[in-house]
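Visitor: Return a 3D structure for these sequence lines:
(chains A and B)
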Amino acid sequence: MSVEATAGQNDGGYGLIKSYRPYPGVSDELMDPDGNIRPVWRPFLDHLSSLTQEDITARFARGNQYLNDAGVFFRQYGQDGPNEREWPLSHIPVIIDDGDWQTISKGLVQRAELLELVVQDLYGSNNLIRGGHIPASLIAKSPEWQRPLVGIKPRSGHFLHFLAFEIGRGPDGTWWVLSDRSQAPSGAGFALENRVATGRVFNEFFAKADVHRLAGFFRRFRDHLLDLRGESDSRIAILTPGPLNDTYFEHAYIARYLGFMLLEGEDLTVENGRLLVRTVDGLRPLSVIWRRLDSAWADPLELNESSHIGTPGIVDAIRRQSLTMINALGTGILETRALLAFLPKISEHLLSEPLRLPNVATWWCGEDNARVYVRENAERMMLSPALTTALPFSSGQKDFIGRAFENGQRAPLEAWIDEQKGSLVGQEAVTLSTTPAYQDGKLLPRPMSLRVFLARTPEGWEVMSGGFARIGHSEDASAIAMQAGGSAADVWVVGGKKQIKETLLHQTESPYFKSQSGTLPSRAADNLFWLGRYVERAEGAVRLLRAYHARLSETDDPEAPLVALTADYLDQIGVPPDGFVPDGLCSMLQSAVGSASKVRDRFSVDGWLALNDLAQTAGGAQRAIRSSSDVPPAMSLLLRKITGFSGLVHENMYRFTGWRFLSIGRALERANRMADLLSVFSSTKAPDGSLELLLEVGDSAMSMSRRYAVSLNRETVLDLLAMDERNPRSVLYLLTEIKDHVGVLPGAREYGHLSALARSVLQIHTNLAIATPDTLTTEILEDLRDQISYLSVELTDTYIR
Amino acid sequence: MLYDITLEIGYEYASPANTGRHTLRLLPANIPGEQRIINGHVSLNPSPNERHDRKDFFGNEVTDVAYRKPHTELQFRVRTRIERTAAPVGFDISPALPDLAKELAGIQSISPLEPVHFLASSPRLPLDPAFAAYSAEKTTPDMSVMKIIEAIGKALHEDMSFDADATTVDTPVLEAFENRHGVCQDYSHIMIACLRCLGIPAGYVSGFLRTIPPEGQPRLEGADAMHAWVRAWCGIEGGWIEYDPTNALRVGQDHIVVGYGRDYGDVAPVKGVMRTAGGQTTHQKVDVVPLS
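Guide: Alright, predicted model coming up:
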């Protein structure tokens, strides 16, 4: 028996928590004030204690692997600009008793109702301001009060449909609201992913545990959104600021999960007060937008005029009652920190009852009495800008505890507070409760706060039974934000009435909903088309670079005619070979990653990881390679990775219209490159060895020897690489592929006639099909190349512009 | 005073714009007791696919237009006849700053006419300490709010040089201030920022100036294009007064109001977003002719 088995009297016999000591004066989730394990944790702790340390490590790795495979990441802003960072899962869930949860739920539903009344008033009759319940200057000075929306009643009758609340537990065990998130709350998708990952870590236990499930919450919210469309056949979309946003992954994830389109502002246009999405099928109406974009950026005409990510006229569509925004534009005003000072009394006034769940005690220094109080207690208070809408202590914010006031300031703290007046709030500094986090084989108490999500459903506000816990990485509660190194944990609500229906119907947390429609936004089509082109362009460059360096190593003479011609050619297509791995190649792959990043919702995670790996491999090779002879093996490795990526995409991608655009991009680029190569290297003036180089670059040497017993000559090479209908690298084969794809795109045939694009493809195809190798002069091949290249313009004009 | 006003704003695009959406704030406002519109309309060439007239939050006349056909040029024309009386310049009954602050704190309304909208920084007007320092230098604590407004307006007129080529509509206000040059937009923005730093509500006025001055008076700067000046709040009794820092004078019958806003962004004559490659050239012509 080890020493650990004879642990102290308060640890309940669990070696894991031998050194678990809650901090004095701090409430703890796992232990009650007397040091006893809370009953709600016992089954889990029993399970955890039955596992060896190796087992736990392996299980945690399994959870991380899941997140990795699912491509869960978040974007962190560092000194080198934004970086994707691994999702910092804290594997031990926060476990909360159903009774506690009922208290939280009732409190937050009341708060949601209250916030709806407040925001209705702020954009409507202003009774709260007239009655002195909210200072006029607070609203009038806030950049979140959007004047163009004043007086507009939301089409759905409600401003708020999806809310999040940041809550924490104080030293006396009661829950406090730390912050209201009403603008475009994030985290619900991450909560789902945390759940799936944590469920995998503790799979047998989770399957039998009485943990409330999450899927029903999303299903009912989705039903609500569908209802909000009214009678129309219009669509629902998630509006994202784009891939550079720190929670873009979640936007793509939720869009995939719910089966809605993921759109950016430029996908949309407004005509006659109706919002339309540009698709490859033409303009299609949208009537419900779940926005993940802050209000100010939604419309450069009426809101922030510097916004490049909005849609001009979107406010007009709202004004004319043809569009429902989730949440309504302007609801960010409810996140104003100073409002916390007034909500308790507003609750009494509007609901005739106190807040069921208190919010952090807050004093607005624009009121004399409040300012005096803050001044007298400033040392232990948190001081913040009154109008800030940021979470407390989130990075880049100007929150600080009074005693940390810097002496470098112009005046002492008291004078500074008097000077700040209405632009300052003081808040009681919150001591968060602690919850166990696993570190080096033991559990340690770490501060935590919860994010709880509420959705409006046909039956009213519903609280997600679970959520998203932020766990501090040290004792310091102010370091809880993930940007500052905190982590995230799943929240298990345990006990209460068995939700039989849910557990029977939804065994899994990931029942992806059937997509609302297969409509492909034009921008997505554009990005898929270019993704196909960039990857193929890179492949062409890699093959040619490999051929060049192999020949250079053989001859060791850069001036040899074929070597020089190839170098010249490489130079012209933007990948000059003297730098071994040219910048041009790396930037082709970066462009491919860029295109793919804009269609994450339509793109497999494996494909995404393979593509990133490819770009990184090229970058690594560029840094490592110092001699010509090292290039061919490096290029071969890149080729294998490109082939792997293409295989993943083409074997696994669903045959939607999007896949066709990707395939057209690839075929068009390849046909264009081959026609161009043929025009240069099959020329009668081309140096010796050019035909062999064509075969090598066209990956067709084996086909050559199988098909032609005769020696290599211009006609046989042209036959194989330009006109062979069975060689997947011949121009004709690729044109057939393009023709087939274009023939089934929307609008390819109208009133029995081919579209202009389909006609062009058919014409190029036919011209080549009836040619013979001896008629394919350099000039004709150049024409062919230009015609193929122009198809790209025609395709863009037809489907993407 | 009766005026006939014509305004023409034109754009030429280097390559055709396929679609365009614009909000126009070109038509003078009806202001009870100060200004009456006898007739007026905005015409567009080419004619747009959509057109709607409405009022914005501050009560300004807005015309929304949308184009969905390729066009290489665009003209907005305004013809209007108005009667301008202007508020007479009254006695100074404005309070000192501490009393103004008390009056402001007592306001329990955010209706569009309230001064509370004109206190904070606004999208184009950050309240930089440089403005506060300038205001402190040019005023004394015993001055009334109206005296402060006039003192700062006058000081800016003296310290700044009018230079139509030095700034554009998008030059940051602080840059224009540091260089002490610009046009009416810059003068007005700087003055507004200086007043707000003192806690005086101040807003931006866009409008017209009569083209030919009354006999014996100098031609005012800004008469050949749309003009801008400042309105500032002198307390509950004093109300709003308007001051033109570009010409260092209280606004009277020679000024015709088009719109009120927090800064230029709220009343920009033409705001637009179009899908076009390449640049554009623009011209503007204003004629403000008194009838009597």
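Visitor: right, and A:Arg533 touches A:Arg670 too?
Guide: No - in this structure, A:Arg533 is not within contact of A:Arg670 by Cβ atoms under 8 Å, at 9.2 Å. Where C-beta positions appear, they are placed from N, C-alpha and C, glycine not excepted.
Visitor: What segments of chain B are helices?
Guide: With helices called from DSSP state H, chain B shows them at B:97-105, B:129-138, B:145-159, B:173-179, B:184-197, B:235-238, B:264-267.
Visitor: Out of the ones you listed, which is closest to A:Arg726?
Guide: A:Arg726 lies closest to helix B:264-267 among the helices of chain B, at 63.3 Å (Cβ to Cβ).
Visitor: can I see the domain layout of the chain?
Guide: All of this refers to chain A. Following automatic domain parsing, one gets these domains for chain A: A:94-337+A:432-505, A:361-428, A:521-653, A:655-801.
Visitor: wrong one, I was asking about chain B
Guide: Split by automatic domain parsing, chain B gives B:2-85+B:268-290, B:97-264.
Visitor: Let me know which of those is tucked in deepest.
Guide: Among the domains of chain B, domain B:97-264 has the highest mean neighbour count (mean count of other Cβ atoms under 10 Å in any protein chain shown), at a mean of 19.
Visitor: Any residue of it touching chain A?
Guide: Yes - Domain B:97-264 reaches chain A (Cβ under 8 Å from any Cβ of the partner chain) through B:104-105, B:107-111, B:114, B:116-117, B:119-120, B:123.
Visitor: residues contacting A:Trp145?
Guide: By Cβ atoms under 8 Å, 6 or more residues apart in numbering or on different chains, the contact list for A:Trp145 reads A:122, A:139, A:330, A:333, B:110.
Visitor: so of these, which ones are in strands?
Guide: Using DSSP state E, no member of the contacts of A:Trp145 sits in strands.
Visitor: Select from those residues the one having the most neighbours.
Guide: Neighbour counts for those, by other Cβ atoms under 10 Å in any protein chain shown, peak at A:Gly330, which reaches 29 neighbours.
Visitor: hmm, who's touching stretch B:112-124?
Guide: Residues contacting stretch B:112-124 (Cβ under 8 Å, 6+ apart): A:136-137, A:140-141, A:143, A:147, A:304-305, B:57-59, B:104, B:107, B:109-110, B:127, B:173, B:189, B:192, B:196, B:199, B:201-203, B:233, B:240, B:262-266.
Visitor: That stretch: how far from the chain's middle?
Guide: Stretch B:112-124 sits 14 Å away from the centroid of its parent chain (Cα atoms, centre = their mean, to the nearest Å).
Visitor: can I get the domains of chain B in a markdown table with mean pLDDT?
Guide: Shown next, in a markdown table, are these (pLDDT from 0 to 100):
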| stretch | mean pLDDT |
| --- | --- |
| domain B:2-85+B:268-290 | 90 |
| domain B:97-264 | 93 |
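Visitor: Out of those domains, flag the one nearest A:Val680.
Guide: A:Val680 lies closest to domain B:2-85+B:268-290 among these, at 31.8 Å (Cβ to Cβ).
Visitor: Any idea how far apart the tips of the closest one sit?
Guide: Taking Cα to Cα, to the nearest Å as the measure, domain B:2-85+B:268-290 stretches 6 Å from start to finish.
Visitor: how about that domain, does it reach chain A?
Guide: Yes - using Cβ under 8 Å from any Cβ, domain B:2-85+B:268-290 reaches chain A at B:18-19, B:21-23, B:50, B:52, B:56-58, B:64, B:66, B:68, B:268, B:271-273.
Visitor: For A:Gly71, give its distance to A:Asn126.
Guide: With the distance defined as Cβ to Cβ, to the nearest Å, A:Gly71 ends up 46 Å from A:Asn126.
Visitor: A:Asp399 now?
Guide: Taken as Cβ to Cβ, the span from A:Asp399 to A:Asn126 is 30 Å.
Visitor: try A:Lys18
Guide: Separation of A:Lys18 from A:Asn126 (Cβ to Cβ): 60 Å.
Visitor: same deal with A:Gly189?
Guide: 36 Å.
Visitor: More neighbours: which of these two?
Guide: More crowded of A:Gly189 and A:Asn126, by other Cβ under 10 Å: A:Gly189, with 22 against 18.
Visitor: Apart from its chain neighbours, what residue comes closest to the more buried one?
Guide: A:Glu250 (3.9 Å; Cβ to Cβ, 6 or more residues apart in numbering or on different chains).
Visitor: looking only at pLDDT, what's the mean for the strand or helix carrying the one you found?
Guide: Assigning secondary structure by DSSP states H and E places A:Glu250 in helix A:248-258. For helix A:248-258, mean pLDDT rounds to 87.
Visitor: And stretch A:18-29, by the same measure?
Guide: Confidence for stretch A:18-29, expressed as mean pLDDT, is 89.
Visitor: same deal with stretch A:555-562?
Guide: For stretch A:555-562, the mean per-residue pLDDT is 90.
Visitor: again, but for stretch A:70-79
Guide: The average pLDDT for stretch A:70-79 rounds to 59.
Visitor: now stretch A:637-650
Guide: The average pLDDT within stretch A:637-650 is 89.
Visitor: Rebuild the residues of domain B:97-264 next to chain A as TSV, extending it with distance to B:Asn179.
Guide: Output for the residues of domain B:97-264 next to chain A, formatted as TSV (distance: Cβ to Cβ, whole Å):
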residue	distance to B:Asn179
B:Leu104	32
B:Ala105	36
B:Ile107	36
B:Gln108	41
B:Ser109	39
B:Ile110	36
B:Ser111	38
B:Glu114	34
B:Val116	32
B:His117	29
B:Leu119	27
B:Ala120	25
B:Pro123	21
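Visitor: my read: the residue nearest to A:Gly189 touches A:Leu192, true?
Guide: No - A:Glu250 sits out of contact with A:Leu192 when judged by Cβ under 8 Å, with a separation of 9.2 Å.
Visitor: what does the stretch 551-700 of chain A have sitting close to chain B?
Guide: Counting by Cβ under 8 Å from any Cβ, no residue of the stretch 551-700 of chain A sits close to chain B.
Visitor: By proximity to chain B, which residue of the stretch 551-700 of chain A wins?
Guide: Distances between the stretch 551-700 of chain A and chain B by Cβ to the nearest Cβ are smallest at A:Lys598, namely 18.8 Å.
Visitor: What would stretch B:37-55 look like as CSV? C-alpha coordinates only.
Guide: Output of stretch B:37-55 as CSV, limited to C-alpha atoms (Å, rounded to 0.1, in the frame of the first residue of the first chain):
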residue,chain,number,x,y,z
ILE,B,37,-39.1,75.1,-47.6
ILE,B,38,-41.4,76.5,-50.3
ASN,B,39,-40.6,73.8,-52.8
GLY,B,40,-37.7,71.5,-53.5
HIS,B,41,-36.7,68.2,-55.0
VAL,B,42,-33.8,66.0,-55.7
SER,B,43,-33.4,64.7,-59.3
LEU,B,44,-31.0,62.0,-60.4
ASN,B,45,-29.4,61.2,-63.7
PRO,B,46,-29.5,58.4,-64.7
SER,B,47,-32.7,57.6,-63.0
PRO,B,48,-32.2,55.0,-60.3
ASN,B,49,-33.9,51.5,-60.0
GLU,B,50,-35.0,52.4,-56.5
ARG,B,51,-35.7,55.6,-54.7
HIS,B,52,-37.1,56.3,-51.2
ASP,B,53,-37.4,59.5,-49.3
ARG,B,54,-37.4,59.5,-45.5
LYS,B,55,-36.1,61.3,-42.4
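Visitor: how far is the longest helix seen in chain A from where the chain is centred?
Guide: If you go by DSSP H, chain A has its longest helix at helix A:522-555. What separates the centre of helix A:522-555 from the centre of its chain is 28 Å, taken as Cα atoms, centre = their mean.
Visitor: Report the buried residues of that helix.
Guide: A:522-552 (16 or more other Cβ atoms under 10 Å in any protein chain shown).
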